[in-house]
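Asker: Turn this into a structure:
(chains A and B)
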There are 2 protein chains.
Amino acid sequence: MKPVITFCVLFFGLTFFLAGQEKIDYDAIAKMKSEGMENSQIEMIASYLTDVSGPRLTNSPGLMRASEWAVEEMKKWGLKNVALEPWGEFGKGWQVDKSYVAMTEPYYMPFIAVPKAWTGSTSGLVSGEVMLVDIQTEEDLEKYRGKLNGKIVLVADDYDVTATFEADGNRYTDEELKEMEKYPSQNGGSGDYSARYARYRAMREFRNKVNDFMASENAALIISARRGRHGTFFTSNGASYAPGSEVATAEFEMAPEYTNMMKRLLAKGIPVKLEAEIRTSFYEDDIKGYNVIGEIPGTDKNLKDEVVMIGGHLDSWHAGTGATDNASGCAVMLEALRIIKTLGLQPKRTIRVALWTGEEQGIHGSRNYVKNHFGDSETMALKPEHEKLSAYYNIDNGTGRIRGVYLQGNEGARPVFASWFSAMSDIIETPTITIRNTGGTDHLGFDAVGLPGFQFIQDEVEYNTRTHHTNMDVYDRLEIDDLKQMATVIAIITYHTAQRPEKMPRESIPVVTGSN
Amino acid sequence: MKPVITFCVLFFGLTFFLAGQEKIDYDAIAKMKSEGMENSQIEMIASYLTDVSGPRLTNSPGLMRASEWAVEEMKKWGLKNVALEPWGEFGKGWQVDKSYVAMTEPYYMPFIAVPKAWTGSTSGLVSGEVMLVDIQTEEDLEKYRGKLNGKIVLVADDYDVTATFEADGNRYTDEELKEMEKYPSQNGGSGDYSARYARYRAMREFRNKVNDFMASENAALIISARRGRHGTFFTSNGASYAPGSEVATAEFEMAPEYTNMMKRLLAKGIPVKLEAEIRTSFYEDDIKGYNVIGEIPGTDKNLKDEVVMIGGHLDSWHAGTGATDNASGCAVMLEALRIIKTLGLQPKRTIRVALWTGEEQGIHGSRNYVKNHFGDSETMALKPEHEKLSAYYNIDNGTGRIRGVYLQGNEGARPVFASWFSAMSDIIETPTITIRNTGGTDHLGFDAVGLPGFQFIQDEVEYNTRTHHTNMDVYDRLEIDDLKQMATVIAIITYHTAQRPEKMPRESIPVVTGSN
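Answerer: Below is the predicted model:
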């Protein structure tokens, strides 16, 4: 273990010398910095993906607007092979057409709430008394059988909404970055996904049972609380998007301040009445999922069949406009391509962007893309394209600037990134290389078939406090200067990946442990 | 100046000795701490003032609910002379009966918004394209004459909504408290109120002109942005509450994230459509304002005609339930009375609580009370009751615990507070006494006629970032442990004020500088 750390420490003392091991195109870097930091189009791109397109739940009209805009925009820039590429079957699209809820007794107050994804509509404007139910287990359902017909049902859990004495926004300190450089004591991405997935599956099964119960009991509307405070809250999925699945009872997720208020009123024996209307639409005419693809073709006759891929997921949750999760990543990747293309740089390898979909429901778009193009992670049956991919770079950690990279265990990539970072010390503060993994998003599918897939260390800003999956994840959550830096860094890294004589170093192909 | 600071420094070294100058009832203090910290009713009281009563704009039904509840509750506790005491003419009551706004083009999204206080209704559910107007001066109105008929008008200003890297909540540090102990270099309350009031008056006059213009142009709805972020925003008044005044055009104040979004869409030439409905009610059957009064009568035959007053304003703005501005202060004062009454303590002087109204529109309720009972601050014509008031204690700085007191220049009160604080070192961290003033609320009317009116130094918590005047100033913004501490401290101070042989030291009567 020791040598790793020693090397790492040495490296930062010897940046210049080691930089020499990679060929750095300083002229191209100067141009890319200038274009990315001074002539940035990131605001325009981000605004079209968020403000203009709207919420981008997978297979929703909003996602389609964003996808089609990205296609048209890339064509305008002169990119090639621009297309919506189907990746397999996803399921129903869904969007909100009307959303209103207010307390009417003991007095009038409009509430901040958002329909849960893929849940149904109310029967027009409904009104009635709120009934508090406590359903923790399947057995609890029996307590309410025959009692919920036409009711507005409050199933609110408790969430901490007290004052916060820590900042919503934060950036990595030098100490935190130093800690990350150490050989992993923790691995963001190596966690027990199977255990987590089992919990998620159990939760989903229970949710489906509750949904069936509420539908069979003919409840008028369900209200549930979610984590958050001050008007921000974290939203989620409420029902199945499988083709042909039953439509679940209309359900609001609500800022916990209001559900707490209702619970305190009910505890005093004071009746609470609401009026509410939800109208949602489902789309089943095309249940396939699509990724957005575009390329700058390679120009070197020996290398142009090889590919450097960059991407991020374009789909979002439905309550905001998915600004930091993950219009930011998509805008950065598009802008990085625009920088390279605008400057007339001639990459030796082909550079391809992919804006994935179905990420929020299980990283479907990228995993399927990998399976369709590169190989099957279950059997490790590889396809010819597997040999042609140099690397995949992903952005999906919000709006915060790049502070370094997760090697995902790929030790061979360390000196390569180190060289590149040495030429970006004016735009990356204390660039950090960690052997650790980070998980939860679209590079994992690449990693799973032994392809070098990387995510970057990004300042968190307000990701876990205010933005990702919240109703307030809108354009104004974006830190524009950070996005400019990211796009510039990605352009530089991508271009150099396309130019280097060898493909990016790979780890050995994962061994199939065999489930069958 | 020097002796003041020296005394102050000495004092904290000699607490015990100086405490001896005031008679401290340690037995009563022990009981009050136990009742206030262990048997607190503050959650119940605060919930009735907020959750149960609702928004408490002056002369609104919500304020009347809270006032009547306080009256009934004080009667239950056995308090005397409990009444709604009229203080003079205020004007129209107002409340929101329906509030809904959503974007419908280029896609559907409900917006977080609140009607401005005292503005009118829309003609049912209205819908239409948004028109951006820029009105900074009276001359700007002419640009829009004849163009606003039936339009939804966006007059949004720009507000900073970027990420916050400082905590929403904060408490005083020891250093900050030490700084406050110094002879004033700054005075929160001594500022140029006349200049500030002139600005406010000019702003209000301009607002009234814009209102008249919008009404004459028959605009359907006005949308304006306000400071805030993440779903929180600060709300305000939009029209006159004078009896018989014209009803202003319906107007929403909106979270700036949405107004910014609309401005970016319009700047791209993309039409924005909204649908919206506001229904507001006005109440003119009784335009008088009322304070809530209640007493624990004094028991000493020589002192029972003298009075110690405590209070806070019960009225709030309309968007939340006015939890930290100022249900907190009212709940604390009621709970302090309850503590004294429940324990069967026999105050020598009468203790009187006043829950003021009309504070948010210009400190009307307390100023008029002072004028009706104690004296006219313009002529300095004093009434007999002036001689009978020992002190007035006010709470109106949010939910944060008491850290000390502002002497408002009343140097004679310093050793008295110092003695009392010395017996509360277990519930007040680093108790701080500052000669400085603090302004903006209901103790000012007392101060203006030479009566000792005090406010306390309170931890700010989220007052200026999240709570006061915001749509999210609801019960969950309250820090319950802080309220318990405040009520206990107030009970102890109030009781000791009632017991000491002399009234609280006074400053000399202010000299009338004479405006006529």
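
Asker: I would like the residues contacting the helix or strand containing A:Val153, please.
Answerer: Assigned by DSSP states H and E, A:Val153 falls within strand A:152-154. Under the contact criterion Cβ atoms under 8 Å, 6 or more residues apart in numbering or on different chains, strand A:152-154 has outside partners A:126, A:128-133, A:214, A:219-224, A:259, A:262-263, A:266, A:274, A:276. The way it works is simple: take the backbone N, C-alpha and C, and place the C-beta from them, glycine included.

Asker: The helix or strand hosting A:Ala195: which residues count as buried?
Answerer: Under the criterion of DSSP H and E, A:Ala195 resides in helix A:193-217. Residues of helix A:193-217 classed as buried: A:Arg207, A:Val210, A:Asn211, A:Phe213, A:Met214, A:Glu217 (neighbour count, 16 or more other Cβ atoms under 10 Å in any protein chain shown).

Asker: As CSV, those with distance to B:Asp315 would be great.
Answerer: Output for the buried residues of helix A:193-217, formatted as CSV (distance: Cβ to Cβ, whole Å):
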residue, distance to B:Asp315
A:Arg207, 44
A:Val210, 43
A:Asn211, 44
A:Phe213, 45
A:Met214, 41
A:Glu217, 43
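
Asker: Got the phi and psi for the closest residue to A:Gly320 other than its chain neighbours?
Answerer: Nearest-residue entry for A:Gly320: A:Asp473, 3.8 Å, with adjacent residues in sequence omitted and distances by Cβ to Cβ, 6 or more residues apart in numbering or on different chains. Dihedral angles of A:Asp473 (phi, psi; degrees, to the nearest 10) stand at phi -80, psi 80.

Asker: now A:Asp473: how far from A:Ala46?
Answerer: 12 Å (Cβ to Cβ, to the nearest Å).

Asker: Whichever residue of the stretch 151-300 of chain A sits closest to chain B - how many residues pack around it?
Answerer: Taking Cβ to the nearest Cβ, chain B has its nearest neighbour within the stretch 151-300 of chain A at A:Gly231, 2.1 Å off. Neighbourhood size, A:Gly231 [other Cβ atoms under 10 Å in any protein chain shown]: 23.

Asker: about what we covered before: which one of A:Asp473 and A:Ala46 is surrounded by more residues?
Answerer: Using other Cβ under 10 Å as the criterion, A:Asp473 and A:Ala46 rank with A:Asp473 on top: 34 against 25.

Asker: what sits against the more buried one?
Answerer: If you count contacts by Cβ under 8 Å, 6+ apart, A:Asp473 has them with A:Ser316, A:Trp317, A:Ala319, A:Gly320, A:Thr321, A:Gly322, A:Ala323, A:Thr324, A:Asp325, A:Arg466, A:Thr467.

Asker: all helices for the stretch 101-250 of chain A, in order.
Answerer: Ranges of helices in the stretch 101-250 of chain A, per DSSP state H, counting those that start in this stretch, are A:140-143, A:174-181, A:193-217.

Asker: which stretch in those helices is the model least sure about?
Answerer: Of all these, the minimum mean pLDDT falls on helix A:193-217 (a mean of 86).

Asker: Can you tell me which helices and strands that one packs against?
Answerer: helix A:140-143 (3 or more Cβ pairs under 8 Å, 6 or more residues apart in numbering or on different chains; DSSP states H and E).

Asker: Give me the residues contacting the helix it packs on.
Answerer: Residues from elsewhere that reach helix A:140-143 (Cβ under 8 Å, 6+ apart): A:Val133, A:Asp134, A:Ile135, A:Lys209, A:Val210, A:Phe213.

Asker: ok, and the closest non-adjacent residue to the last one?
Answerer: Think A:Phe213. Leaving aside its chain neighbours, A:Phe213 sits nearest to A:Leu141 (4.9 Å; criterion: Cβ to Cβ, 6+ apart).

Asker: Equivalent analysis for A:Arg145, please.
Answerer: Taking Cβ to Cβ, 6+ apart, and ignoring the residues beside it in sequence, A:Arg145 has A:Glu217 as its nearest neighbour in space, at 7.0 Å.

Asker: which ones are touching the one you found?
Answerer: Counting by Cβ under 8 Å, 6+ apart, A:Glu217 touches A:Tyr144, A:Arg145, A:Gly146, A:Lys147, A:Leu148, A:Asn149.

Asker: count of residues packed around the fourth one?
Answerer: The burial metric for A:Lys147, expressed as a neighbour count using other Cβ under 10 Å, is 12.

Asker: contacting residues around it?
Answerer: A:Met131, A:Glu217.

Asker: what ranges of the stretch 151-300 of chain A fall below the confidence cut-off?
Answerer: Where the stretch 151-300 of chain A drops to pLDDT under 70, the residues are A:185-193.

Asker: With the flanking residues excluded, which residue is spatially nearest to the residue of the stretch 151-300 of chain A closest to chain B?
Answerer: Using Cβ to Cβ, 6+ apart, the closest residue to A:Gly231 is B:Gly231 (2.1 Å).

Asker: for A:Gly322, same thing?
Answerer: That would be A:Ser316: by Cβ to Cβ, 6+ apart, it lies 2.2 Å from A:Gly322.

Asker: Just the element for the one you found, please.
Answerer: Taking DSSP H and E as the definition, A:Ser316 sits outside all helices and strands.

Asker: quick one, what contacts it?
Answerer: A:Ser316 sits next to A:Pro55, A:Arg56, A:Leu57, A:Leu63, A:Gly322, A:Asp325, A:Asn326, A:Ala327, A:Glu360, A:Asp473 when contact means Cβ under 8 Å, 6+ apart.

Asker: okay, stretch A:294-311 in PDB with CA atoms only?
Answerer: Only the C-alpha atoms of stretch A:294-311 are listed here, as PDB (Å, rounded to 0.1, in the frame of the first residue of the first chain):
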ATOM      1  CA  GLY A 294     -23.200  13.000 -31.200                       C
ATOM      2  CA  GLU A 295     -19.600  12.900 -32.500                       C
ATOM      3  CA  ILE A 296     -16.600  14.800 -33.600                       C
ATOM      4  CA  PRO A 297     -15.100  12.200 -35.900                       C
ATOM      5  CA  GLY A 298     -11.500  11.300 -35.500                       C
ATOM      6  CA  THR A 299      -9.000  12.400 -38.100                       C
ATOM      7  CA  ASP A 300      -6.100  10.100 -37.700                       C
ATOM      8  CA  LYS A 301      -6.300   7.200 -40.200                       C
ATOM      9  CA  ASN A 302      -5.100   4.700 -37.600                       C
ATOM     10  CA  LEU A 303      -6.900   6.000 -34.600                       C
ATOM     11  CA  LYS A 304     -10.200   7.400 -36.000                       C
ATOM     12  CA  ASP A 305     -12.000   4.200 -35.300                       C
ATOM     13  CA  GLU A 306     -11.200   4.500 -31.700                       C
ATOM     14  CA  VAL A 307     -13.500   6.500 -29.500                       C
ATOM     15  CA  VAL A 308     -13.300   8.700 -26.400                       C
ATOM     16  CA  MET A 309     -16.700   9.000 -24.800                       C
ATOM     17  CA  ILE A 310     -18.000  11.700 -22.500                       C
ATOM     18  CA  GLY A 311     -21.500  11.900 -21.000                       C
END
